[in-house]
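Undergrad: Just need the structure, nothing else, for what follows:
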Amino acid sequence: MSAIASSKPSRSASAIVASTASGYHLLKIDGYTRTKGVRTGDKIKSRPFTVGGHKWHIDYHPNGFNSEDADYISLFLVLDDNVTTAVKAQQRFCFADEVKGQAPSLTSASINNYTSQKGWGWGTWTFIKRAELEKSNHLKDDSFTIRCDIVVIQEYRAEDFTPTAFVSVAPSDLHQHLGDLLKTEKGADVVFEVGGETFAAHRCVLAARSPVFSAELFGGMKEGNTAGVVRIDDMEAQVFKALLCFAYTDSLPKPEEEDVMYQHLLVAADRYNMDRLKSICEEKLCNYIDVGTVATATILALAEQHHCEGLKKACLHFLGTPANLRALLDSDGFDHLSRSCPSIMKKLIAMLAFT
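TA: Here you go, the predicted model:
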């Protein structure tokens, strides 16, 4: 056999990759009913913003882009830069309160060519019917917020890559196994009594997830009688159940009354020094600040008492609007705040002096 015939064929692989930059812009329509006076075809421009090294703005048409869409709200992303070649980008509009957790994927969105010379952009003529918006939960206190996600395609390049391996590794299912361990109570070695209910759990899991549980179950603060029962006061059973679920699975069940549950969970997370759970509760509660003055006062008090700086800043930002601050001062929420958290009163009084 010749040397040529016995040599192995060479192998190589390459890929063409689209380099991208992504971001999003939140556009709040505050005073929606007043914008309805804008004529069909006319627009209101957002402030400019930057994504992928280019300046953009959003055109908001309260009564549609043309007569055929007069019953709808129209939205368009417009390039604000002067460019010699078209900018390739993808965009998608949605209500900001629809985005939970990870940002929506734009993989299926169309790739559009944006140019500054045309004077118009790409978007949707029929984002939502005004009648539907006015009946929906998106409209609160005559306001709603639009989120525009953008992916800018910056360049195409070729690079080497390793072909797909023959062995496919499944994603981690540790959370599922630990969740099953909690449900089946197999190997449980501690029982908690909370709000008249009992919950079986595993000391090692809880100690690994919370330094407070670690101290209580293994350290000098070790709790529990000879039967291994730990009594927890000042907490509802459903709150502790959600806390256990997070400790085992790093996720939370969907509560019925989200704002109330997240308030209680924030207190519980602070009590057991579970920082990630505490941050999740802070983020969730930011969405309920403008629901009502009583809710805002309660959330602000919690933020102050439990050292939640991000949540506190969100509350004060909302109260930075004179109308919102006056509404709080005239409500029962102010009385609750003054009784439960007097430390924040100086801040509010100072804010009132500048309104």
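
Undergrad: On the C-terminal side of the helix or strand of the chain with the lowest mean pLDDT, identify the next helix or strand.
TA: Across the helices and strands of the chain, the lowest-confidence element by mean pLDDT, DSSP states H and E is helix 3-6, at a mean of 53. Counting by DSSP states H and E, the element after helix 3-6 in chain order, helix or strand, is strand 14-30.

Undergrad: can you pull the buried residues of that following strand?
TA: Thr20, Tyr24, His25, Leu27, Ile29 (16 or more other C-beta atoms under 10 Å). Where C-beta positions appear, they are placed from N, C-alpha and C, glycine not excepted.

Undergrad: Flag the shaky bits of the stretch 201-350 of the chain, pLDDT-wise.
TA: By pLDDT under 70, the weakly predicted segments of the stretch 201-350 of the chain are 220-228, 291-293.

Undergrad: and with 50 instead?
TA: Across the stretch 201-350 of the chain, the ranges flagged by pLDDT under 50 are 226.

Undergrad: all helices of it, in order?
TA: 203-209, 211-218, 237-249, 258-271, 275-285, 293-305, 309-319, 322-329, 332-340, 345-353 (DSSP state H, counting those that start in this stretch).

Undergrad: can I get these in JSON lines with distance to Asp81 and mean neighbour count?
TA: Below are the helices of the stretch 201-350 of the chain laid out as JSON lines (distance: least, C-beta to C-beta, whole Å; neighbours: other C-beta atoms under 10 Å):
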{"stretch": "helix 203-209", "distance to Asp81": "49", "mean neighbour count": "18"}
{"stretch": "helix 211-218", "distance to Asp81": "51", "mean neighbour count": "18"}
{"stretch": "helix 237-249", "distance to Asp81": "45", "mean neighbour count": "19"}
{"stretch": "helix 258-271", "distance to Asp81": "41", "mean neighbour count": "20"}
{"stretch": "helix 275-285", "distance to Asp81": "33", "mean neighbour count": "19"}
{"stretch": "helix 293-305", "distance to Asp81": "39", "mean neighbour count": "22"}
{"stretch": "helix 309-319", "distance to Asp81": "30", "mean neighbour count": "18"}
{"stretch": "helix 322-329", "distance to Asp81": "36", "mean neighbour count": "16"}
{"stretch": "helix 332-340", "distance to Asp81": "45", "mean neighbour count": "15"}
{"stretch": "helix 345-353", "distance to Asp81": "38", "mean neighbour count": "12"}
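
Undergrad: Those: which one's closest to Ala103?
TA: Evaluated with C-beta to C-beta, the helices of the stretch 201-350 of the chain place helix 275-285 nearest to Ala103, the distance being 14.1 Å.

Undergrad: Pull the residues that contact that closest one.
TA: Residues outside helix 275-285 that contact it (C-beta atoms under 8 Å, 6 or more residues apart in numbering): 243, 246, 250, 252, 258-259, 262-263, 265-266, 268-270, 299, 302-303, 306, 308, 310-311.

Undergrad: again, but for stretch 25-36
TA: For stretch 25-36, contacts defined as C-beta under 8 Å, 6+ apart pick out 44, 46, 49, 51, 56, 58, 60, 62-63, 96, 130, 133, 139, 142-148, 150.

Undergrad: Repeat the analysis, applying 6 Å as the threshold.
TA: Applying C-beta atoms under 6 Å, 6 or more residues apart in numbering, the contact partners of stretch 25-36 are Ser46, Phe49, Ile58, Pro62, Ala96, Asp142, Ser143, Phe144, Thr145, Ile146, Arg147, Cys148.

Undergrad: and if you look at stretch 167-176?
TA: For stretch 167-176, contacts defined as C-beta under 6 Å, 6+ apart pick out Thr249, Asp250.
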